[in-house]
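[1] using only what follows, build the 3D model:
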Amino acid sequence: MAQGTNNREIALALSCGAVRGYAFFPIIERLEKEGFTISAVSGSSIGALVGAYYALHGELNSLLKIATSMSRTDYLKMLDPNFPHKSLIKGGKVRQFLEENFFGQATFRETKIPLFICAVDLTHKRAVYFREGPIIEAVMASISFPGIVPPYRRGDSFFVDGGVLDPVPVQILVDNNYKKVLGVNLMGCQAEIKKPEPGLWPTIITSIYLMMEKLAWRESSPQVYMMNLQFKPDPTTMLSFYNWKENYRLGQAAID
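    Numbering: from 1, shown residues only. Presented below is the predicted three-dimensional model:
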């Protein structure tokens with residue numbers, strides 16, 4: 001049976017983009033105010049985190065309130081150094097924070113709408129889309145950005161950020177018969193800005209995000225509507241989650 005046949009019903013695919021994810025909040029809020037019903041959500045990386053919260057709780061206000069109330073110091077407290085081993089941080093404190101504040105032990109069965117979380121299975125070299133089990137595990141797999149957070153182990157597989165292979169996971173919604181899909185792509189960049197030559201980690205992060213940006217602009221199915229937001233090309237600030245206002249405003253501007 002076809003999904004999403006109601007004209008005001010839409011399935012939402014949320015892209016990777018780290019701190020740019022604050023743009024999702026005003027976009028989703030505006031869609032709801034305009035009378036759209038979100039029938040399902042898919043996400044990669046920050047899109048997986050925001051999408052999972054929305055699917056589980058049916059709202060984003062509580063998530064936004066917590067995220068925007070945190071200072072730079074609060075975010076730094078979640079860093080458990082792991083360099084020069086597998087990554088910059090271990091990721092244990094990040095998981096603890098997300099589990100305690102957002103997801104607990106909730107599973108996919110408890111979501112209010114269908115949820116698809118994309119992560120990349122390094123062991124089998126493919127993108128996978130979690131649809132069952134603990135939500136926190138799927139989110140951790142999807143946000144494990146290479147070099148920053150170590151690959152997340154689940155069973156016999158190791159997973160990294162879903163954006164590595166599928167930055168805007170629209171096709172999984174099409175494959176599940178959702179007839180109207182909105183992909184929100186946060187990987188667009190404005191005109192180049194000249195900057196000094198970056199160091200080691202800025203080079204790594206910038207290189208990975210350039211790859212993700214190219215993948216995000218692939219052609220998609222006719223029933224998919226893409227919203228491509230344009231950001232200043234500075235991937236080195238992508239993890240500055242305490243600097244949220246500019247990204248939130250870009251989301252507002254995109255939907256106005």
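[2] for residue 254, which non-adjacent residue is closest in space?
    Take residue 254 and drop its neighbours on the chain: the residue closest to it by Cβ to Cβ, 6 or more residues apart in numbering is residue 229, 5.1 Å away. From N, CA and C alone the C-beta is placed, and that goes for glycine too.
[3] also residue 24?
    residue 50 (4.9 Å).
[4] after the strand or helix carrying the one you found, next one along is what?
    Element membership for residue 50, per DSSP states H and E: helix 46-57. Sequence order places helix 61-69 as the next helix or strand after helix 46-57, per DSSP H and E.
[5] the next helix or strand along the chain from that following helix: how far from the chain's middle?
    As assigned by DSSP H and E, the chain's next helix or strand after helix 61-69 is helix 72-76. Averaged C-alpha coordinates place helix 72-76 at 20 Å from its chain's average position (Cα atoms, centre = their mean, to the nearest Å).
[6] and what of stretch 116-128?
    14 Å.
[7] show me where the chain has helices.
    Taking DSSP state H to define them, one finds helices in the chain at 24-33, 46-57, 61-69, 72-76, 92-98, 135-142, 171-175, 200-216, 245-255.
[8] in JSON lines, list the ones you listed along with mean pLDDT, distance to residue 82 and mean neighbour count.
    Below are these laid out as JSON lines (pLDDT from 0 to 100; distance: least, Cβ to Cβ, whole Å; neighbours: other Cβ atoms under 10 Å):
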{"stretch": "helix 24-33", "mean pLDDT": "96", "distance to residue 82": "28", "mean neighbour count": "19"}
{"stretch": "helix 46-57", "mean pLDDT": "98", "distance to residue 82": "20", "mean neighbour count": "26"}
{"stretch": "helix 61-69", "mean pLDDT": "94", "distance to residue 82": "23", "mean neighbour count": "14"}
{"stretch": "helix 72-76", "mean pLDDT": "85", "distance to residue 82": "15", "mean neighbour count": "11"}
{"stretch": "helix 92-98", "mean pLDDT": "95", "distance to residue 82": "9", "mean neighbour count": "16"}
{"stretch": "helix 135-142", "mean pLDDT": "98", "distance to residue 82": "15", "mean neighbour count": "26"}
{"stretch": "helix 171-175", "mean pLDDT": "96", "distance to residue 82": "31", "mean neighbour count": "20"}
{"stretch": "helix 200-216", "mean pLDDT": "65", "distance to residue 82": "13", "mean neighbour count": "17"}
{"stretch": "helix 245-255", "mean pLDDT": "88", "distance to residue 82": "27", "mean neighbour count": "17"}
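[9] run through the neighbouring helices and strands of the helix holding residue 50.
    On a contact count with 3 or more Cβ pairs under 8 Å, 6 or more residues apart in numbering; DSSP states H and E, helix 46-57 meets strand 9-14, helix 24-33, strand 37-44, helix 61-69, strand 115-121, helix 135-142, strand 181-189.
[10] could you redo the ones you listed as a markdown table and give each row distance to residue 91?
    As requested, the helices and strands packed on helix 46-57 are exported to a markdown table (distance: least, Cβ to Cβ, whole Å):
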| stretch | distance to residue 91 |
| --- | --- |
| strand 9-14 | 21 |
| helix 24-33 | 22 |
| strand 37-44 | 17 |
| helix 61-69 | 18 |
| strand 115-121 | 14 |
| helix 135-142 | 7 |
| strand 181-189 | 22 |
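[11] hmm, back to that, how many degrees apart are the helix holding residue 50 and strand 181-189 in direction?
    150 degrees (axes from the mean of the first three to the mean of the last three Cα atoms, to 10 degrees).
[12] quick one: helix 46-57 to helix 24-33, angle?
    Going by the same axes, to 10 degrees, helix 46-57 makes 40 degrees with helix 24-33.
[13] how far off helix 61-69 does helix 46-57 point, in degrees?
    For helix 46-57 against helix 61-69, the angle by the same axes, to 10 degrees is 140 degrees.
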